[in-house]
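Peer 1: structure of the sequence below:
(chains A, B, C and D)
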Protein chains: 2
Amino acid sequence: MNTFTELRKLSDTRYTDLIDEAPLETEVRRLAEFFRVLGDPTRVRILSFLAREELCVHDLAALTEMEQSAVSHQLRTLRTHRIVKVRRSGKHALYSLDDNHIDQLTRIGLEHIREIR
Amino acid sequence: MNTFTELRKLSDTRYTDLIDEAPLETEVRRLAEFFRVLGDPTRVRILSFLAREELCVHDLAALTEMEQSAVSHQLRTLRTHRIVKVRRSGKHALYSLDDNHIDQLTRIGLEHIREIR
DNA sequence: GTAATATATGAATAAGTGTTCATATAAACA
DNA sequence: TGTTTATATGAACACTTATTCATATATTAC
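Peer 2: Numbering: from 1, shown residues only, chains lettered A, B, ... in the order given. I've put the predicted structure just below:
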């Protein structure tokens, strides 16, 4: 680990400014965790279907061609991070996007990956 | 694995519509990979500093309190995904954000995590 | 040339994660 | 009641990944 006494390149005031302006460590961790949840192909596929319409676990398993258990595990992760929400209807658990940010993020993300290649 | 012959819940036409409208598998993978790269606390911290100004590896190591080697490894990952760019100036490698999308994504991501708790 | 500084990188390792399997819970229906 | 269908979940395993250590490359200064 470095110590802040070795800081030489920038002026001391610039360093302290950058450190003061830096986001809180808890926010950094939560933001990274949020992006990490979006950073899995299975979850992206699930979200792309849910962006179209509310779907139950069985339908999502069929559409993504994954086992029910795997889809359920991933839905829990998405639920925990308030990316999808669920409502019960009889035997079914109907999932949908919980957050309007997800669409925006997906669109901007797609712009990026389309630009770089 | 499920097969599409078991699909029962939705009408057949709705299923095929959803599948037809689904993003290509290559795009899903690349989008997930992109978000995964953003999904690490060290990389988020690096990006938050680079959002303020161009910085060399040594400064980033000092500011993030990480070893030079660790920062360099992470910068390579960010470079590979065209999230940061680098220019050489003497002995120094000066890094900056390569993409204006990153700021947007960070802002929307922060909105999300601030809303949910 | 040598020394010092800045950055990059391969290998090893420890920690994290997605999927599968088996099983549990819950609701609907006979 | 028992049976079927839908979903959830703990444990195990295979795979991935972030960091460290050692070292290599590169530029500047002497």
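Peer 1: mind exporting stretch A:98-112 as CSV, just the C-alpha atoms?
Peer 2: Extracted in CSV, the C-alpha atoms of stretch A:98-112 (Å, rounded to 0.1, in the frame of the first residue of the first chain):
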residue,chain,number,x,y,z
ASP,A,98,-38.4,-2.4,-11.1
ASP,A,99,-36.4,0.6,-12.2
ASN,A,100,-36.6,2.9,-15.2
HIS,A,101,-32.9,3.5,-15.0
ILE,A,102,-32.2,0.0,-16.4
ASP,A,103,-33.5,0.8,-19.8
GLN,A,104,-31.4,4.0,-20.0
LEU,A,105,-28.3,2.1,-18.9
THR,A,106,-28.8,-0.6,-21.4
ARG,A,107,-29.3,1.9,-24.2
ILE,A,108,-26.1,3.8,-23.3
GLY,A,109,-24.2,0.6,-22.8
LEU,A,110,-25.3,-0.6,-26.2
GLU,A,111,-24.2,2.7,-27.8
HIS,A,112,-20.8,2.3,-26.3
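Peer 1: any bit of it sitting next to DNA strand D?
Peer 2: No. Stretch A:98-112 lies apart from DNA strand D when judged by CB under 7 Å from any atom of the strand; the minimum separation is 13.6 Å. For the C-beta atoms, the positions are set from N, CA and C on the backbone; glycine is no exception.
Peer 1: tell me the mean pLDDT for that stretch?
Peer 2: The average pLDDT within stretch A:98-112 is 92.
Peer 1: same question, stretch A:69-86
Peer 2: The average pLDDT for stretch A:69-86 rounds to 97.
Peer 1: buried stuff in that stretch?
Peer 2: Within stretch A:69-86, the residues scored as buried using 16 or more other CB atoms under 10 Å in any protein chain shown are A:71, A:74-75, A:77-78, A:81-84, A:86.
Peer 1: is DNA strand C within reach of stretch A:89-98?
Peer 2: Yes. Stretch A:89-98 reaches DNA strand C (CB under 7 Å from any atom of the strand) through A:90-91.
Peer 1: okay if I get the buried residues of stretch A:69-86 as a markdown table plus distance to chain B and secondary structure?
Peer 2: Shown next, in a markdown table, are the buried residues of stretch A:69-86 (distance: CB to the nearest CB, whole Å; DSSP: H, G, I helix; E, B strand; the rest coil):
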| residue | distance to chain B | secondary structure |
| --- | --- | --- |
| A:Val71 | 10 | helix |
| A:Gln74 | 12 | helix |
| A:Leu75 | 16 | helix |
| A:Thr77 | 12 | helix |
| A:Leu78 | 12 | helix |
| A:His81 | 8 | coil |
| A:Arg82 | 4 | coil |
| A:Ile83 | 8 | coil |
| A:Val84 | 12 | strand |
| A:Val86 | 15 | strand |
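Peer 1: hang on, A:Arg88 in a strand?
Peer 2: Yes. Applying DSSP: H, G, I helix; E, B strand; the rest coil, one finds A:Arg88 inside a strand.
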